[in-house]
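Enquirer: Just need the structure, nothing else, for what follows:
(chains A and B)
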Amino acid sequence: MRKQLITLTVNGDRCEVAVTPDMRLLDLIRDELELKGTKEGCGEGECGACTVIMNGLPVNACLVLAPQAAEADIVTIEGLTTNGTMSLLQRQFLDNGAVQCGFCSPGMIMTAKALLDDNPAPSEDDVRDALSGNLCRCTGYEKIVDAVLVTAALVGQGSAESVPGEGGAA
Amino acid sequence: MLSGTEYVRPSTMDEASGLLANDEGAVVLAGGTDVLVAAFAGRMSVSTLVDVSSLPELKGVEDWGDCVWIGALTTMTKLCASDVVNRVLPGLGSAAAAMGCWQVRNRATIGGNLCNASPSAEMGPPLLVYEAAVDLDGVGGKRRLPISEFFKGPGETALAKGELVTGIRIPKPDAGLRVAYVRRALRRSMDIPLVNVAVGVQMGDGVGVDARVALGAVAPVPFRVPVAEEILVGRPLTDSVIQEAAEGACCPARPITDVRATAEYRLAMVEVLVRRALIQLAEESV
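Expert: Now for the predicted structure:
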């Protein structure tokens, strides 16, 4: 099996990685770059646990081959923190009780970030639609939807600056 | 699994069709939402994945005046966001918006949805109602097929060895043609339809002058239902005509029983969904 070198940007850093055709973007992120925040749930695109943002849009990293990610711009959950400080969106997941076991949280937060980047003032329906590809077995979703709506409201009120460590929408 | 599989991303059509023609186990890779799942689960043996995402001939959504051309690589998300699709082909946009979930719609392509040839393909009924044609290119040259001749059975298409879908060509319908897409699934998201239906009706002087009814997931391929269409032409869109057409639509349906639903339930849903689509169109045209 041929190895090929690809270049891509992950959380703002240019990386060069040797990939094989059977390697998924998920394997590249977790095993080659050792970014373990992105989780593997079902491995077949049903659960959303491995969601990362690829060229501005959320995708399931288990359904992208690593060679397909050549020249892509990827953001993972690790990319949301600044100098170890959580983003407003992450903070709201904690403060609203949207995290229980935590396994779905990275994927859920990445989809929510992509939504808020695209639509800073989503309705509850918008949030539920956007998150419908992310499964959570613990929370019943209510708190997750709350966390996203509260984040949007805080950013809308311009309160983001008053939250420690937060400079933007997510 | 994909151990032993090669990956290539050709930059020209000739290279792509040559790879597909000369390698028995070569498989086209676009969005990967069907192919990679099947390959990783061992349901598909693949010698070479031919990633077509760099072929310019497969890209774009274009307004060509008398028709709309949709490149095979157009994702569901791009279809939903396309001005010309939303303006001229809203039934296709609705179907694209209903597929999978956001993550899947960001990768899944219209060409892939057709080539996967699921009986419940989201794009099947609306493309039948819009009377689309499929542009093919390969080692044998270019050709064009009506969408009704493209699907051959579950997972089977009219594609020849070494041939690719380059795009979908949809004649612009008369501005009076209203199209509704409705589906029944067990869950709102990430579930394929038990039954999906697209209906198009154009009214003139209070009676139907054009009627198109297409069903998916109730036969080996999606198909048009002339018996229901004939009921709608020349008559007003009243409750009794709607009911007659909805019942008529069930005649040619031959659904199967599977993990999602029984054949009897699917058949009952054909009537319900065709009725709902027609009621929606009747309310819109008031």
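Enquirer: Ramachandran coordinates for the closest residue to B:Ile231 other than its chain neighbours?
Expert: Nearest residue to B:Ile231, sequence neighbours excluded (Cβ to Cβ, 6 or more residues apart in numbering or on different chains): B:Ala245, at 4.4 Å. C-beta here means a position set from N, CA and C on the backbone, and glycine is covered the same way. Main-chain dihedrals, B:Ala245, degrees, to the nearest 10: phi -70, psi -40.
Enquirer: Checking residue 152 next. Helix, strand or coil?
Expert: The chain I'm using is chain A. Three-state assignment for A:Ala152 (DSSP: H, G, I helix; E, B strand; the rest coil): helix.
Enquirer: nope, chain B please
Expert: strand.
Enquirer: Give me the phi and psi angles of the nearest residue to it once chain neighbours are set aside.
Expert: Closest residue to B:Lys152 apart from its sequence neighbours, by Cβ to Cβ, 6+ apart: B:Ala158 at 5.9 Å. Phi and psi for B:Ala158, reported as degrees, to the nearest 10, are phi -80, psi 0.
Enquirer: B:Ala158: how many residues sit nearby?
Expert: 14 (other Cβ atoms under 10 Å in any protein chain shown).
Enquirer: I figured it hits B:Pro146, correct?
Expert: No - using Cβ atoms under 8 Å, B:Ala158 makes no contact with B:Pro146, being 10.0 Å away.
Enquirer: List the contacts of the residue of chain A found nearest chain B.
Expert: Closest approach between chain A and chain B, counting by Cβ to the nearest Cβ: A:Gly133, at 2.5 Å. Counting by Cβ atoms under 8 Å, 6 or more residues apart in numbering or on different chains, A:Gly133 makes contact with A:48, A:51, A:60, A:111, B:100-104, B:189-190.
Enquirer: I'd like those residues laid out as CSV, including pLDDT.
Expert: What follows is the contacts of A:Gly133, written out as CSV (pLDDT from 0 to 100):
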residue, pLDDT
A:Gly48, 98
A:Thr51, 98
A:Asn60, 98
A:Thr111, 98
B:Gly100, 95
B:Cys101, 96
B:Trp102, 98
B:Gln103, 98
B:Val104, 98
B:Ser189, 82
B:Met190, 82
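Enquirer: Check which helix or strand residue 144 maps to.
Expert: You didn't pick a chain, so chain A it is. helix A:142-156 (DSSP states H and E).
Enquirer: could you do chain B instead?
Expert: Following DSSP H and E, one finds B:Arg144 within strand B:143-146.
Enquirer: in its sheet, what does that strand sit against?
Expert: Applying DSSP bridges, strand B:143-146 is found paired with strand B:133-138 (antiparallel).
Enquirer: Let's test this: mean pLDDT of the partner strand, rounded?
Expert: Regarding strand B:133-138, the rounded mean pLDDT is 98.
Enquirer: Give me the buried positions along it.
Expert: For strand B:133-138, the neighbour count (16 or more other Cβ atoms under 10 Å in any protein chain shown) marks B:133-138 as buried.
Enquirer: Go ahead and confirm B:Arg212 touches B:Val199.
Expert: Yes - look at B:Arg212 against B:Val199 with Cβ under 8 Å: they come within range, at 7.0 Å.
Enquirer: Mind checking which of the two has more residues around it?
Expert: A count of neighbours by other Cβ under 10 Å puts B:Val199 above the other of B:Arg212 and B:Val199, at 33 against 24.
Enquirer: contacts for the helix or strand B:Ala268 falls within?
Expert: Using DSSP H and E, the element containing B:Ala268 is helix B:263-284. Helix B:263-284 is contacted by residues B:178, B:180-184, B:194-199, B:201, B:213, B:215, B:217-218, B:228, B:232, B:237, B:242-243, B:245-247, B:249-250, B:253, B:255-257, B:261 when judged by Cβ under 8 Å, 6+ apart.
Enquirer: Would you indicate which residues of it are buried?
Expert: Buried residues in helix B:263-284, counted by 16+ other Cβ under 10 Å: B:266-271, B:273-279, B:281-282.
Enquirer: For chain B, which residue occupies the most central location?
Expert: B:Met123 (1.9 Å; Cα atoms, centre = their mean).
Enquirer: would you list every one of the helices in the stretch 101-250 of chain B?
Expert: Remark: helices assigned in the stretch 101-250 of chain B by DSSP state H, counting those that start in this stretch are B:102-105, B:110-116, B:124-129, B:226-232, B:239-250.
Enquirer: Would you format these as TSV with mean neighbour count included?
Expert: Shown next, in TSV, are the helices of the stretch 101-250 of chain B (neighbours: other Cβ atoms under 10 Å in any protein chain shown):
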stretch	mean neighbour count
helix B:102-105	26
helix B:110-116	24
helix B:124-129	29
helix B:226-232	20
helix B:239-250	19
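Enquirer: near chain B, which residues of chain A?
Expert: Counting by Cβ under 8 Å from any Cβ of the partner chain, chain A comes close to chain B at A:1-2, A:4, A:21-22, A:24, A:43-46, A:48, A:51, A:54, A:57-60, A:63-65, A:67-68, A:111, A:114, A:129-130, A:132-134.
Enquirer: what's the burial count for residue 31?
Expert: If you meant another chain, say so; for now it's chain A. Around A:Asp31 there are 12 other residues, counting by other Cβ under 10 Å.
Enquirer: To clarify, I was referring to chain B.
Expert: 25.
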